[in-house]
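Enquirer: I would like to see how this sequence folds:
(one chain, ligands or ions: 1)
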Amino acid sequence: MTLWSGRFSGKLDAAAWLLNTSLPFDQRLAAQDVRGSIAWAGGLLQAGVLSQAEHAAIVTGLNQIAAELAQNTFTFHESDEDIHTAVERRLGELIGSTAGKLHTGRSRNDQVATDFRLWMLDSLPLLVQAVTGLQSTLVALAEQHTETLMPGYTHLQRAQPITLAHWLMSHFWPLQRDKDRLTDLRDRVAVLPLGCGALAGTAFEIDRETLTMALGFDAPAPNSLDAVSDRDFAAEFLFCAALLGVHLSKLSEQMVLFTTPEFGFFELADAYSTGSSLMPQKKNPDLFELARGKTGTLIGLLTGLLATLKGLPSTYDKDLQEDKVPVFQAFDTLTLILPVLAGALETMTIHPQKMSAAIDSAMLATDLADYLVRKGVPFREAHAAAGKSVRVAAEKGVSLDELSLNEWQAIGRFESDVYQVFDPLESIKRRNATGGTSPDSVKKQIAKAKEVISHQ
Ligand code: ARG
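Expert: Just a heads-up that it's a prediction; the model follows:
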């Protein structure tokens, strides 16, 4: 049964029904739908539309529905057009015709927008929590590796030595920004559409401020036309999700790279790697590849919703029913990926000797230039001299630290202490300014990260 059959004498075509129904995906809003309806019943009582007894019957019925939903004993009917219809149908079965009073002054337009926002208010903290889980893993690993050396890259070319802790923490902060965005989004979600009716507002004396408080929102939406059609919060959520995905994808890409035998920096635990059906030797980083691959989908979900919203005539259009699937999908994807990535990082084996072996002395060419700068040589000149030493060493087929003192002195103002430059740990320790890779600096960074996490 639909809620609107009165005007119709014929039935909806079967295929058209399948296109129209939203129950398969909006049943996920069931708990929120009941909560919204309980608040609405309170509003109707205050407005004098419901008597005390009717209100009590409706609330009792809705509470029973909430219990059935929680215990998974609620039966959906194929004829329920959407979650709102299903709840109202069941309420009728439980309390009889009084159930028919609940929808007074309300439309599914303000109802669904309210349900969806309630769902998001419930769900944002869960996603934030999952991100914190991965962040905690990164911090715990970083704490153990403030002196573990690894090559740092630009253009995927060996650039300068860094610490593993610094690299791990470089993936912490983007996630922190993701959480800041998700937390900030909450304020724009917590604007209540309920009481806006189909589009023009409700014709009953509903106190929307009381409704707002009852449902834990911050304020009633100020314009009913906007309220029933505003899906900015869903688009924003999808942007936050896509960018979070991009961050996970970047991390994953490096994990894929660093677990190859060519790099060999990390080795995944069996619990987080997969084999090949053909090649017995293979240990594949599928889970990181999936995180990277699913990010393509996350970006598509955002693009899809924006395209749906673009050019919609005001106010409610059925196109808006397409808002929920991408949001649910993005949420499910991320809450699935995040703990897996955390587990994979936690359990991987780290090979410090592989990482330090990948640091060659040419990566200290910047330090060589800095060495000359400390002796009073202008940086540009120092850069040229260091560059020349790299060329000379390459021509001779030796590594930089193998040049003789005579060779050094022929290149520039180098002295016998030049050999001290080639200790990568010393190089790292010199990068001690805030945000740098020195062990002290990274320890401060970790302390700050822990403080930031504990504030949430
Ligand atoms: N299932 C609909 C949605 O998700 C509920 C609102 C229906 N409103 C309407 N006027 N048909 O958007």
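
Enquirer: skipping its backbone neighbours, what lies nearest the residue of the stretch 301-450 of the chain found nearest the ligand in space?
Expert: Nearest residue of the stretch 301-450 of the chain to the ligand (C-beta to the nearest ligand atom) works out as Gln321 at 3.7 Å. C-betas here are computed from N, CA, C, even on glycine. Leaving aside its sequence neighbours, Gln321 sits nearest to Ser22 (C-beta to C-beta, 6 or more residues apart in numbering; 5.2 Å).

Enquirer: same check, this time on Val139
Expert: That would be Ala449: by C-beta to C-beta, 6+ apart, it lies 5.4 Å from Val139.

Enquirer: where's the one you found, which helix or strand?
Expert: According to DSSP states H and E, Ala449 maps onto helix 439-454.

Enquirer: centre of the chain versus that helix, how much separation?
Expert: The gap between where helix 439-454 is centred and where its chain is centred comes out at 22 Å by C-alpha atoms, centre = their mean, to the nearest Å.

Enquirer: tell me what that helix is packed against?
Expert: Judged by 3 or more C-beta pairs under 8 Å, 6 or more residues apart in numbering; DSSP states H and E, helix 439-454 is in contact with helix 108-144, helix 164-170, helix 172-189, helix 424-430.

Enquirer: list phi and psi for the residue nearest to Gln321.
Expert: Per-residue torsions, Ser22: phi -120, psi 0 (degrees, to the nearest 10).

Enquirer: which residues touch it?
Expert: The contact partners of Ser22, taken as C-beta atoms under 8 Å, 6 or more residues apart in numbering, are 81-83, 321, 324.

Enquirer: adding neighbour count, write the residues you listed out as a markdown table.
Expert: A markdown table is the format used below for the contacts of Ser22 (neighbours: other C-beta atoms under 10 Å):
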| residue | neighbour count |
| --- | --- |
| Glu81 | 22 |
| Asp82 | 23 |
| Ile83 | 25 |
| Gln321 | 17 |
| Lys324 | 21 |
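
Enquirer: okay, among those, which ones form the most distant pair?
Expert: The most widely separated members of the contacts of Ser22, counting by C-beta to C-beta, are Glu81 and Lys324 (14.6 Å).

Enquirer: who in the stretch 51-200 of the chain is up against the ligand?
Expert: 82, 108-109, 112 (C-beta under 6 Å from any ligand atom).

Enquirer: determine which two of these are furthest apart.
Expert: Asp82 and Asn109 (11.9 Å).

Enquirer: flag the shaky bits of this structure, pLDDT-wise.
Expert: 1 (pLDDT under 70).

Enquirer: which residues in it form strands?
Expert: Along the chain, the stretches classed as strands by DSSP state E are 149-154, 157-163, 191-192, 219-220, 266-267, 349-350.

Enquirer: save the ones you listed as a markdown table, and put in mean neighbour count too.
Expert: Formatted as a markdown table, these follow (neighbours: other C-beta under 10 Å):
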| stretch | mean neighbour count |
| --- | --- |
| strand 149-154 | 18 |
| strand 157-163 | 19 |
| strand 191-192 | 24 |
| strand 219-220 | 16 |
| strand 266-267 | 18 |
| strand 349-350 | 14 |
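
Enquirer: out of these, nearest to Leu287?
Expert: strand 266-267 (13.2 Å).

Enquirer: packing partners of that closest one?
Expert: Short answer (3+ C-beta pairs under 8 Å, 6+ apart): strand 266-267 packs on strand 349-350.

Enquirer: and for the strand it packs on, what are the contacting residues?
Expert: Applying C-beta under 8 Å, 6+ apart, the external contacts of strand 349-350 come out as 145, 148, 164, 265-267, 269.

Enquirer: try stretch 189-206
Expert: Contacts of stretch 189-206 (C-beta under 8 Å, 6+ apart): 36, 39-40, 43-44, 46-49, 104-107, 109-111, 113-114, 117, 120-121, 124, 208, 211-212, 215-221, 224-225, 227-228, 230, 233, 315-316.

Enquirer: and for Met255, nearest residue in space, chain neighbours not counted?
Expert: Using C-beta to C-beta, 6+ apart, the closest residue to Met255 is Phe288 (4.5 Å).

Enquirer: ah, wrong one, I meant Gly43
Expert: Ile206 (4.6 Å).

Enquirer: near the ligand, which residues of the stretch 351-456 of the chain?
Expert: Residues of the stretch 351-456 of the chain lying close to the ligand (C-beta under 6 Å from any ligand atom): none.

Enquirer: find the closest residue to the ligand in the stretch 351-456 of the chain.
Expert: Gln456 (31.8 Å).

Enquirer: distance of that residue relative to Arg431?
Expert: 30 Å (C-beta to C-beta, to the nearest Å).

Enquirer: out of these two, which sits in the more crowded spot?
Expert: Arg431 (20 against 14; other C-beta atoms under 10 Å).

Enquirer: contacting residues around the more buried one?
Expert: 437-438, 441.

Enquirer: and if we set it to 6 Å?
Expert: 437-438 (C-beta atoms under 6 Å, 6 or more residues apart in numbering).
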